[in-house]
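Q: Below are the sequence and a predicted model; questions follow.
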Amino acid sequence: MNYESSKRKRPGKQLIVVFTFIILLLIIVFFLFNFNFFETDKYVEVSKTGTDPLTADYDTYHLDDSRENQQIKYGFELFTNTAEYLGPDNPKLERAFSGNNLSCNNCHLQAGTKAYSGMLIGVINRFPQFRGRENKIGTIKERINGCMERSMNGKPLPPNGKEMKAFVAYLEWLNRYAPQDGKVDGTGYARIKIPNRAVDLEKGERLFLKKCASCHGEDGQGIPLRDYAGYLYPPLWGQDSYNLGAGMARVITAAEFIKTNMPYGASYDKPELTDEQAYDIAGYINQKPRPQKANPELDFPDLKLKPVSTPYPPYADNFPVSQHQLGPFQPIMEFYKKEYGLTKNK
Ligand code: HEC
Ligand code: HEC
């Protein structure tokens, strides 16, 4: 009797348990779904106009014409059409601070917002900063003038002039969502594994002709814009290129830039060259003639702080100039580690 009644009752109890379970499950699923749905929605919002420093809106066309915004827009113009405003042939001679017809944008790609191309998002918060080249704490204005005198082979901008103020206004705008310490993924260049050998100039030339000459020309002189000052494809050496004191004149820095940015269209996620190829091409380009930097011996008052691939003497070591230009760099790096306890990566 007991046995039979319990046999009849059990399925009922089980049904209630199963139903409760299913209802609970449905409620949980409903909440999870809602939660996810809500989150996805919020994420889309954030990636469009949000405050993530890497994906925020850096299009100056979206700014209205308030006085402050006009300054930002002028900074963007200077940055992307530098030769038109500051170049040696611009109509206002008193503004000819650049010595060549490059644009800041030629090296700091996508107006300074492309990761690992010397990206400038957050750069304001990274300054003032200790600079080995001058052996002192330098300001952002001094850093901009560093590129004016070397990458642009020109003269420093007056620190309180209209152009310098506009550059800083633009960089401050790029900095608006950066963390306090200015550390944003994509800053500077992506490190490469530096081959433990000298640059192979023959391989460098062959690769250059195959991968680079279609835009920059077999003679490396690029293609000027037709109706404006500046270049469609900038030159890689010669009188209108960066000078010997520029960061790009160092083989390691150039190889890092080339690896993640060239041929045009390459990126950190989609590089087209191997580290070895970038190294050989960088060595080939930087062996070509380019303007001298005035007073190169005054750079790096503390010679120990000079990057190992700086192409001009003096050095705080006895390695030949050719090795500082073409490697192998490991023995030089090991020397600084052993002798001075300094770890060098460029
Ligand atoms: C020929 C390439 C080239 C051009 C053109 C160039 N730069 Fe640079 N710039 C560099 C390199 C390379 C570095 C990093 C050097 C280093 O690692 O020491 C740099 C660094 C900087 C920095 C510091 C970045 C940081 O993260 O600390 C600023 C700011 C800057 N450049 C601004 C400018 C401005 C403004 C212009 C135009 C007037 C300009 N650059 C033109 C190559 C260039
Ligand atoms: C499809 C065309 C194209 C190819 C191919 C190409 N580049 Fe460039 N390169 C450019 C453009 C365009 C710029 C300037 C970027 C800008 O202003 O947005 C540039 C800029 C540069 C710069 C910095 C500016 C300067 O003049 O010093 C270097 C260095 C450079 N390229 C090296 C190379 C090397 C090395 C290769 C071959 C591995 C290569 N490029 C292949 C189009 C190209």
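A: Structure's in. What do you need? Numbers count the residues shown, from 1 in each chain. Ligands and ions are numbered 1, 2, ... in the order given.

Q: going forward, measure contacts between C-alpha atoms and count neighbours the same way
A: OK.

Q: how many neighbours does Q14 have?
A: 11 (other C-alpha atoms under 10 Å).

Q: ok, now the one 4 residues further on?
A: Here the count is done by other C-alpha under 10 Å, and V18 has 12 residues near it.

Q: In a helix, it, correct?
A: Yes: V18: assigned to a helix according to DSSP: H, G, I helix; E, B strand; the rest coil.

Q: who touches it in this structure?
A: Residues counted as contacts of V18 (C-alpha atoms under 8 Å, 6 or more residues apart in numbering): none.

Q: what about it, distance to L26?
A: Separation of V18 from L26 (C-alpha to C-alpha, to the nearest Å): 12 Å.

Q: near ligand 1, which residues of this protein?
A: Proximity of the chain to ligand 1, by C-alpha under 6 Å from any ligand atom, involves residues 79, 102-104, 106-107, 118, 120, 123, 143-144, 147-148, 151-152, 187-188, 242, 247-248.

Q: give me the subset of those residues touching ligand 2.
A: Counting by C-alpha under 6 Å from any ligand atom, 106-107 from the residues of the chain next to ligand 1 sit close to ligand 2.

Q: Can you get me the centre-to-centre distance for stretch 86-100 and its chain?
A: Put simply, stretch 86-100 sits 26 Å off its chain's centre (C-alpha atoms, centre = their mean, to the nearest Å).

Q: and the end-to-end length of that stretch?
A: Terminal-residue distance, stretch 86-100 (C-alpha to C-alpha): 9 Å.

Q: Run the contact check for it versus ligand 2.
A: No: residues of stretch 86-100 contacting ligand 2 under C-alpha under 6 Å from any ligand atom: none, with a closest distance of 10.4 Å.

Q: residues of that stretch that come out buried?
A: Within stretch 86-100, the residues that qualify as buried by neighbour count (16 or more other C-alpha atoms under 10 Å) are 86-90, 96-100.

Q: Inside helices: which ones of those?
A: Using DSSP state H, the members of those that fall in helices are L86.

Q: Mean confidence (pLDDT) on stretch 157-165, please.
A: Here stretch 157-165 scores 98 as its mean pLDDT.

Q: what number of residues lie near N295?
A: The tally of other residues near N295 (other C-alpha under 10 Å) stands at 8.

Q: In JSON lines: the buried residues of stretch 86-100, plus pLDDT.
A: JSON lines is the format used below for these (pLDDT from 0 to 100):
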{"residue": "L86", "pLDDT": "98"}
{"residue": "G87", "pLDDT": "98"}
{"residue": "P88", "pLDDT": "97"}
{"residue": "D89", "pLDDT": "94"}
{"residue": "N90", "pLDDT": "95"}
{"residue": "A96", "pLDDT": "97"}
{"residue": "F97", "pLDDT": "98"}
{"residue": "S98", "pLDDT": "98"}
{"residue": "G99", "pLDDT": "98"}
{"residue": "N100", "pLDDT": "98"}
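
Q: For the chain, give me the ranges with low pLDDT.
A: Flagging of the chain using pLDDT under 70 yields the residue ranges 1-11, 29-49.

Q: What residues does the stretch 1-150 of the chain have near ligand 2?
A: 105-107, 109.
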